[in-house]
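Q: mind folding the following:
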Amino acid sequence: MAYLVIIALVLALVLGPGVWVQHVLKKYARPEDRYASTGASLARYLLDKHGLQSVTVEVTESGDHYDPIAKAVRLTSDKHDGRSLTAITVAAHEVGHAVQDHTGYAALKWRTRLVRAMSGIEKIGAGILVISPILGILTRVPALGLLTFLAGMLTLGTSAVVHFITLPTEFDASFNRALPMLDQHRILKSPDRAHARRLLTAAALTYVSASLMSLLNIARWIAILRR
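A: Residues are numbered from 1 along each chain as shown. This next block holds a predicted model:
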């Protein structure tokens with residue numbers, strides 16, 4: 001019984017943040033026409049107000065984010081074209097990252113460097129994962145199981161490390177950048193400010209929830225290796 005309780009607690013800790021984030025984002029995605037502006041048009045407005053005309057606003061299928069290399073705010077179609085509280089709040093959060101980049105926010109610079117460095121490590125890990133089963137068949141060396149495990153750690157663990165280390169960057173984008181912008185330009189309807197704070201917290205925790213899922217996958221690798 002104690003073992004089951006521990007498993008339940010671990011799953012709650014790992015899956016809970018992601019479930020909460022998705023719940024909050026979905027909750028405030030209705031009504032869909034809450035605001036006159038779409039997420040894309042609001043992002044464009046806020047960028048222009050900060051002199052960031054060179055930063056583009058694009059639609060993406062790979063999750064809402066700001067790309068500091070391409071200088072682009074990228075929003076999924078429901079945020080890009082949506083007029084909900086979720087759409088405009090998430091758009092403001094991503095503009096917050098663009099403002100961080102423009103002002104030379106040190107934590108974002110470190111985050112960008114870490115992402116670049118870790119992407120190389122992930123590619124190495126992925127390559128090992130691809131070739132290790134073939135080597136195992138050809139050589140029948142048990143130690144290749146350890147090699148596969150280490151590759152899994154490289155591919156799954158690096159993103160978790162990056163997102164946990166750069167968590168302050170997310171909260172700064174939400175509460176030191178996006179919320180003041182929304183207040184300054186009187187974007188939010190009066191009853192929505194408290195809800196926007198919840199959304200900005202969810203936006204900041206989005207990557208953390210993904211990182212926790214990566215840690216769960218690492219635990220699965222460990223379990224496989226012990227068999």
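Q: now do the residue nearest to residue 25 when sequence neighbours are not counted against residue 192, distance only.
A: Using C-beta to C-beta, 6 or more residues apart in numbering and skipping the chain neighbours, the partner closest in space to residue 25 is residue 86 (5.3 Å). (C-beta placed from N, C-alpha, C; glycine too.) Residue 86 is 11 Å from residue 192, where distance means C-beta to C-beta, to the nearest Å.
Q: do the same with residue 101
A: On the measure of C-beta to C-beta, residue 101 and residue 192 end up 27 Å apart.
Q: which helix or strand lies directly C-terminal to the helix or strand of the chain with the lowest mean pLDDT?
A: Ranked by mean pLDDT, DSSP states H and E, the weakest helix or strand in the chain is helix 144-165, scoring a mean of 66. With elements assigned by DSSP states H and E, the helix or strand that comes after helix 144-165 is helix 167-171.
Q: what lies in contact with that next one?
A: With contact meaning C-beta atoms under 8 Å, 6 or more residues apart in numbering, helix 167-171 is reached by 97, 100, 105, 107-108, 111, 203-208.
Q: mean confidence score for the host helix or strand of residue 91?
A: For residue 91, the host element (DSSP H and E) is helix 85-103. What helix 85-103 shows for mean pLDDT is 98.
Q: hey, C-alpha coordinates of it in CSV?
A: Extracted C-alpha coordinates of helix 85-103, given in CSV (Å, rounded to 0.1, in the frame of the first residue of the first chain):
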residue,chain,number,x,y,z
LEU,A,85,-8.3,36.0,-22.7
THR,A,86,-5.9,33.1,-23.1
ALA,A,87,-4.9,34.2,-26.6
ILE,A,88,-4.0,37.8,-25.6
THR,A,89,-2.3,36.9,-22.3
VAL,A,90,-0.1,34.2,-23.9
ALA,A,91,0.7,36.6,-26.7
ALA,A,92,1.8,39.3,-24.1
HIS,A,93,4.0,36.7,-22.4
GLU,A,94,5.8,35.9,-25.6
VAL,A,95,6.3,39.6,-26.3
GLY,A,96,7.7,39.7,-22.8
HIS,A,97,10.5,37.4,-24.0
ALA,A,98,11.1,39.7,-27.0
VAL,A,99,11.5,42.7,-24.7
GLN,A,100,13.9,40.7,-22.5
ASP,A,101,16.0,40.0,-25.7
HIS,A,102,15.8,43.7,-26.7
THR,A,103,17.0,44.9,-23.3
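Q: buried residues in it?
A: Judged by neighbour count (16 or more other C-beta atoms under 10 Å), helix 85-103 contains these buried residues: 85-102.
Q: for it, name the packing helices and strands.
A: On a contact count with 3 or more C-beta pairs under 8 Å, 6 or more residues apart in numbering; DSSP states H and E, helix 85-103 meets helix 2-27, helix 39-49, strand 65-67, strand 72-76, helix 77-80, helix 106-139, helix 179-184, helix 193-226.
Q: residue contacts, residue 26?
A: residue 86.
Q: from residue 60, how far out is it?
A: Remark: distance between residue 26 and residue 60 (C-beta to C-beta) = 19 Å.
Q: per-residue pLDDT of the closest residue in space to residue 91 that isn't next to it in sequence, please?
A: Once flanking residues are discounted, residue 91 sits nearest to residue 39: 3.7 Å by C-beta to C-beta, 6+ apart. At residue 39, the pLDDT value in this model is 98.
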